[in-house]
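Asker: got a structure for you, letters missing:
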């Protein structure tokens, strides 16, 4: 073990070692490159997914907010219409129109038949 | 190559400095300096990052949140008030308020001009408000959404808008005293709005809103339950309208100071209508006088006068001290009690007990009261609920005024027998008459049928609540028959409704003259309280007219008003007349029908 390490530190030993290791190193480098590319690609995909997700959330946020606004406006409109209907069917107003404009009168007791 | 390297190594061994080695040494030094610099820079950056991420984390998160997030109030919408058939009586609609923080306004003149154009308000008025020296002022309340949007688009510094809920009463003055009104802060101030404020008012919450650089909202926190619960009343909008219309006509026709009327289901205690005149529009309550806003049917009391003879009669009948056909000497229409002579409106001689009530003989009623005695009479007065709250779900109810028997004078029993020396509210009087109508049970009157949350869950459901039995069913039936005689043969003929049997009692009581402290000769309270139909009572109605000037008797102004309310209400409630009249076509319609044939 010790002699081997001394040989590795001498120039002869280094050259020999490098010559012996060269094909294996190339293999390792090729493997590393492929692995790095795959890993880098995966990281990129994850990052891109993360960013896309974020953008999607923001985009949907705007969409949700827009729809919530539309919903609120419709509810408001419905309330206003109900208010208007309630005003228009006010009995005082209806009676004024019936008596004043249409000339209607209340039926006398003999003119009303209650159907039970 | 190897040889050259060895030679170089040899020469260096000898200590000779070659330009190449010097260059290498310089390069190494530079590399070391660069490395050290980079290390130092990285250390500083790491330190700074560490400081930012660890030591100043909370502070910086706060700053960031402050820039991107905003706490805004959610719109708390007040619940709707419906009548018993689901018709809206009070609705809340979101409105915008434009406000200013004058200290932040950069150019008040230009700002007021811009706002003037957007809000259709005089620029001078806006400028005055901006220069009022206040930290916060409203420029316009209840602005339309378009106006609020126009102001937002102006992006004026120190000017903002806030969405608030505003209360509207679509039927204007209809049921105004029942509904009450809300203040500018959307809190109930009177009536049912005050009574059920805790349920009706929505919970205003602060929610977090994330916004972008243009202050557009990206996300909004869910506001949760901001909508108040809906209130469903026992009131029938049509009966309420009829009651108000007829009461207004009666007060106007008699030139009275005011009037009150209540319609109630005598079995359940459900109030179908409650009206006072003069009245007011709750949409404009600030413009109404305090007198017009007063729910006199519940919060005010009056001396019931002869209408109270029904109570002394109930006690005497229940105690078997008198029978309907018992003959009572009316002493020619005058009796002296405690040194005071009390007179009848006619010189009656001998009357049956039924006639005493029908013709409203004071002398007869006093004699019946004397048979009943102080203690028993007081028990019946208390038993019918006088002197106590009816516990109606309306604010400010009066218990009335009644003294205990030990405080009574020699005249008190006689006075109480004819409805003096006691003050009752119209509601108390009607509740007592309802007990006679329903067979002797005192019931608690109520206005709110149910409270329903925004999610449809029923929070409160009011059901008829019998308070106690006051008189037996037999006594109640006998008394009802006697009170029917008041309408068929007595002082309340004007209360008769075609096709229905009506029972009731008139009342005309003198008011105390504040200047003399004695009963006034000119100021009276005219009333009629009764129920219809007698056999299966559907409606118990009271009409009280305060200080009528032309038609001054209960039988001449309150009884006809009772009749109109009862007739129209029974028609609306589709109650068939007991005596069905043959159907008649009016002339024009008959001719039209012939032409069609």
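Answerer: Sure thing, it's come through. A quick note: this is a predicted structure, and the numbers were derived from the prediction, not measured.
Asker: Going by C-alpha atoms from here, please, whenever you check contacts or count neighbours.
Answerer: Noted.
Asker: So which helix or strand of chain B has the lowest pLDDT on average?
Answerer: helix B:587-596 (a mean of 39; mean pLDDT, DSSP states H and E).
Asker: Could you tell me how many residues sit around whatever residue of the stretch 251-400 of chain B ends up closest to chain A?
Answerer: Closest approach between the stretch 251-400 of chain B and chain A, counting by CA to the nearest CA: residue B:283, at 12.4 Å. For residue B:283, the neighbour count with other CA atoms under 10 Å in any protein chain shown is 19.
Asker: Please name the residues that touch it.
Answerer: Residue B:283 makes contact with B:167, B:168, B:169, B:172, B:181, according to CA atoms under 8 Å, 6 or more residues apart in numbering or on different chains.
Asker: Return only those of the residues you listed found close to chain A.
Answerer: Filtering those for proximity to chain A (criterion: CA under 8 Å from any CA of the partner chain) leaves residue B:168.
Asker: Residue B:246 is in contact with residue B:564, isn't it?
Answerer: Yes. Counting by CA atoms under 8 Å, residue B:564 is a contact partner of residue B:246 at 6.8 Å.
Asker: can I see the domain layout of chain B?
Answerer: B:71-233, B:237-572 (automatic domain parsing).
Asker: residue ranges with poor pLDDT in chain B?
Answerer: Where chain B drops to pLDDT under 70, the residues are B:1-17, B:222-225, B:578-597.
Asker: Scan it for its longest helix.
Answerer: Using DSSP state H, we find that the single longest helix of chain B is helix B:19-50.
Asker: for chain A, same thing?
Answerer: Determined from DSSP H, the single longest helix within chain A is helix A:11-88.
Asker: Can you confirm whether that helix lies near chain B?
Answerer: Yes. Judged by CA under 8 Å from any CA, helix A:11-88 and chain B are in contact via A:58, A:61, A:62, A:64, A:65, A:76, A:79, A:80, A:83, A:84, A:86, A:87.
Asker: Which of those residues ranks first by neighbour count?
Answerer: Counting by other CA under 10 Å, top hit in the residues of helix A:11-88 next to chain B: residue A:83 with 21 neighbours.
Asker: Excluding residues flanking it in the chain, which one is nearest that residue?
Answerer: Spatial nearest neighbour of residue A:83, chain neighbours left out: residue B:170 (6.2 Å); criterion: CA to CA, 6 or more residues apart in numbering or on different chains.
Asker: Got the phi and psi for that neighbour?
Answerer: phi -60, psi -20 (degrees, to the nearest 10).
Asker: That one reaches residue A:89, doesn't it?
Answerer: No. Residue B:170 lies out of contact with residue A:89 (CA under 8 Å); the separation is 9.2 Å.
Asker: In terms of packing, which of those two has more residues around it?
Answerer: A count of neighbours by other CA under 10 Å puts residue B:170 above the other of residue B:170 and residue A:89, at 23 against 14.
Asker: buried sites along the helix or strand that contains residue B:570?
Answerer: According to DSSP states H and E, residue B:570 maps onto helix B:559-572. Residues of helix B:559-572 classed as buried by neighbour count (16 or more other CA atoms under 10 Å in any protein chain shown): B:559-571.
Asker: Check stretch B:245-254 too.
Answerer: Buried-residue list, stretch B:245-254, by 16+ other CA under 10 Å: B:245, B:246, B:247, B:248, B:250, B:251, B:252, B:254.
Asker: now stretch B:204-224
Answerer: B:204, B:205, B:208, B:209, B:210, B:211, B:217, B:218, B:219, B:220, B:223.
Asker: Please identify the residues of the stretch 201-350 of chain B in proximity to chain A?
Answerer: Residues of the stretch 201-350 of chain B lying close to chain A (CA under 8 Å from any CA) are B:217, B:218, B:219, B:220, B:238, B:241.
Asker: Does the third one fall in a helix, a strand, or a coil region?
Answerer: In this case it means residue B:219. Secondary structure assignment for residue B:219 (DSSP: H, G, I helix; E, B strand; the rest coil): strand.
Asker: What residues are bridge-paired with it?
Answerer: residue B:210 (DSSP bridges).
Asker: burial count for residue B:64?
Answerer: Residue B:64: 11 neighbours (other CA under 10 Å).
Asker: do the same with the one 4 residues further on
Answerer: Around residue B:68 there are 15 other residues, counting by other CA under 10 Å.
Asker: Residue B:202 and residue B:188 touch, don't they?
Answerer: No. Assessed by CA under 8 Å, residue B:202 is found out of contact with residue B:188, at 11.8 Å.
Asker: count of residues packed around residue 48?
Answerer: If you meant another chain, say so; for now it's chain A. 12.
Asker: hmm, I had chain B in mind actually
Answerer: 13.
Asker: Quick check: residues of the stretch 401-550 of chain B near chain A?
Answerer: So far as CA under 8 Å from any CA goes, the stretch 401-550 of chain B lies against chain A at residue B:498.
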